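Asker: Generate a structure from the sequence data that follows.
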Amino acid sequence: MSFSHQISELKKQLGNRILITGHHYQSDSIIQHCDIIGDSLELARKVAQENAPHIIFCGVYFMAESAALLARQGQSVHMPDTEANCVMSQQAPADLARRVLQRLCAKGRKIIPLAYVNTSVSLKAVVGEFGGAVCTSANAQVMLDWALRQGDGVLFLPDRHLGRNTAKKLGLSPQDWRILSITLQGMEQESSRNDVPLLLWPGCCAIHAKIRHQHIAAIRSQYPDCRIAVHPECSPEVVDHVDAAGSTSFLIEYARQAAPGETIIIGTENNLVERLRKRHETHCTILPLRAVSCSHMGKTTEAKLLQLLEDISQDKAPVISIAAEQAQHAKNSLTRMLDVCAKASV
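Answerer: Below is the predicted model:
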C-alpha cells in the first residue's frame, strides 16, 4: 500500500480531529493531502478559525511557530519534520538582534524594528518588546511606511533585498538606507551612516538570491515577448529589470491573469512555478526564471507525514510549543501588523 493511500485512510479515521495545512512551496505529493494551502501568515491566521484540535503544518519551522502563537486554547500544532527550517530566519538570531537594537538606541534614537514574518518567534518577541511589528511581502510597503512614522529610524530585518525593494517603492533613495555590518557580537563598528532613516539587516533568502540579472537576459533572448514576475526577496538588480514583483499570492494571480497563448516567466521556488505551469498549461505558457528549490521545504515527505498521523492517532505526536515569556511580545508584533493593515484598508 502506497504512502499516499495510507495517508488518505488515516485522514478518514482521524476525521475532524486533524487539519493539514501546506505552504505553496511544498511538493505536489504533500499538497494533495492538504486541507488548506497558502503562504505562511495566511495559514497561521486560518488555524484559529478552525475547530480541529490537531493542526499539521507542512512548511518550515517559523511558520509552525506562528501558527502555534495564534492557535486557540486546546489546539496543538505539529510538523512532519521539525528540522525543516529557513536559512533567512536563522540569519537573525534573537539575542543578536537585541544587542544591535540596544546599541542603535543607546545614543537616544528611537529605532523601530520591522521584521519580515519569515523569522523565529523569539525574534518576533524582541521586535514586539521594542515596539515594532512584523510584515509580509504583500504588506511590507504599508508596514514600512508605518514604522518610519513611529520613531527616528527603522531596523528592517532580516531580508535586505525586501527592505530595499520596499524602500524604493516608498520613494527612498540609496542615501536613505544602510546595510549594517554585523558580527556575532553585534554591529561591527559605529558609523555616521547609522543616522539614515532605514537600517537593513544583512540577510537574504538563499533561494531567491540564486536568481540573478543574467537569468533575465537569457530568458528574454529566448522568449522576447514574455513577461517576467519575481518575488521581492530577489535582489533589487533583478526586480528593477522585470515586469512585476510581488508576494506569492501576487505571483499566483499574475499567472491567472495571463492572456491566452502568453508566456509568463516566474521567479520563485520551483514547486509553485511547476504547479502554476500545470494549472494553466491549456491557456498559456509558464516557465521558471531559474529552477530553484528550497531543500528545507523538501524535508516534508509523505513518509514523515504518515508517521506524524500515526503518532497523532496514538496521542504521542510532538507539539510545537511557545515559551510563555516570548508569547505576548511576539503576539504583539503580529497584532500591530494586523491593526495597521486593517486601518490602511478602510
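
Asker: With adjacent residues omitted, what lies nearest to residue 142?
Answerer: residue 344 (4.9 Å; CB to CB, 6 or more residues apart in numbering). For the C-beta atoms, the positions are set from N, CA and C on the backbone; glycine is no exception.

Asker: ok, that neighbour touching residue 143?
Answerer: No. The pair residue 344 and residue 143 does not pass the contact test of CB atoms under 8 Å, sitting 9.1 Å apart.

Asker: For the two, indicate the residue with more neighbours.
Answerer: residue 143 (26 against 13; other CB atoms under 10 Å).

Asker: For the more buried one, give its distance to residue 154.
Answerer: 10 Å (CB to CB, to the nearest Å).

Asker: between these two, what contacts are shared?
Answerer: Common contacts of residue 143 and residue 154 (CB atoms under 8 Å, 6 or more residues apart in numbering): residue 114.

Asker: Provide a list of residue ranges in the chain with pLDDT below threshold.
Answerer: Counting by pLDDT under 70, the chain has low-confidence residues at 184-193, 346.

Asker: Neighbours of residue 301, how many?
Answerer: Residue 301: 16 surrounding residues under other CB under 10 Å.

Asker: mind listing what it touches?
Answerer: By CB under 8 Å, 6+ apart, the contact list for residue 301 reads 29-30, 80-81.

Asker: same deal with residue 268?
Answerer: Contacts for residue 268 (CB under 8 Å, 6+ apart) come out as 208, 230-231, 248, 251, 292.

Asker: ok so, going back, widest-spaced pair of the contacts of residue 301?
Answerer: Farthest pair in these (CB to CB) is 29 and 81. Separation: 13.9 Å.

Asker: follow-up on the earlier one: mind checking which of the contacts of residue 268 land in helices?
Answerer: Members of the contacts of residue 268 lying in helices (criterion: DSSP state H): 248, 251.

Asker: will you turn the contacts of residue 268 into TSV that also has distance to residue 21 and neighbour count?
Answerer: TSV is the format used below for the contacts of residue 268 (distance: CB to CB, whole Å; neighbours: other CB atoms under 10 Å):
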residue	distance to residue 21	neighbour count
208	23	24
230	25	27
231	20	27
248	14	21
251	19	24
292	23	19
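
Asker: mind putting the contacts of residue 268 in JSON lines, distance to residue 130 included?
Answerer: Converted to JSON lines, the contacts of residue 268 look like this (distance: CB to CB, whole Å):
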{"residue": "208", "distance to residue 130": "27"}
{"residue": "230", "distance to residue 130": "31"}
{"residue": "231", "distance to residue 130": "27"}
{"residue": "248", "distance to residue 130": "28"}
{"residue": "251", "distance to residue 130": "32"}
{"residue": "292", "distance to residue 130": "33"}
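
Asker: what about residue 204, how many neighbours?
Answerer: Residue 204 has 20 neighbouring residues, counting by other CB under 10 Å.

Asker: In space, not sequence, find me the middle residue of the protein.
Answerer: For the chain, the residue nearest the mean C-alpha position is residue 118 (4.2 Å; CA atoms, centre = their mean).

Asker: from memory that residue sits against residue 162, does it?
Answerer: No. Counting by CB under 8 Å, residue 118 does not reach residue 162; the two are 9.0 Å apart.

Asker: so residue 312 touches residue 18, yeah?
Answerer: Yes. Counting by CB under 8 Å, residue 312 touches residue 18, with 6.4 Å between them.

Asker: tell me, what's touching these two both at once?
Answerer: Joint contacts of residue 312 and residue 18 (CB under 8 Å, 6+ apart) are 54, 56.

Asker: quick one on the thing from earlier: now the contacts of residue 301 as a markdown table including neighbour count and distance to residue 106?
Answerer: Shown next, in a markdown table, are the contacts of residue 301 (neighbours: other CB atoms under 10 Å; distance: CB to CB, whole Å):
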| residue | neighbour count | distance to residue 106 |
| --- | --- | --- |
| 29 | 15 | 51 |
| 30 | 25 | 46 |
| 80 | 24 | 44 |
| 81 | 19 | 41 |
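
Asker: what does the helix of greatest length in the chain contact?
Answerer: When the chain is parsed with DSSP H, its longest helix is helix 324-344. The contact list for helix 324-344, computed with CB under 8 Å, 6+ apart, reads 66, 69-70, 115, 121-122, 124-129, 132-136, 139, 142-143, 146, 322.

Asker: Okay, and which of those map to strands?
Answerer: Within the contacts of helix 324-344, residues falling in strands by DSSP state E are 115, 133-135.

Asker: Okay, the nearest residue to residue 160 once chain neighbours are set aside and residue 15: tell me how far apart.
Answerer: Closest residue to residue 160 apart from its sequence neighbours, by CB to CB, 6+ apart: residue 200 at 4.4 Å. Residue 200 sits 47 Å away from residue 15, taking CB to CB as the criterion.

Asker: for residue 198, same thing?
Answerer: Residue 198 sits 50 Å away from residue 15, taking CB to CB as the criterion.

Asker: same question, residue 344
Answerer: As judged by CB to CB, residue 344 and residue 15 stand 40 Å apart.

Asker: so residue 196 sits right up against residue 173, yeah?
Answerer: No. Between residue 196 and residue 173 no contact is recorded; they are 10.1 Å apart, counting by CB under 8 Å.

Asker: Looking at these two, which one has more neighbours?
Answerer: Per other CB under 10 Å, whichever of residue 196 and residue 173 has more neighbours is residue 196, with 17 against 8.

Asker: number of nearby residues for residue 116?
Answerer: Neighbourhood size, residue 116 [other CB under 10 Å]: 26.
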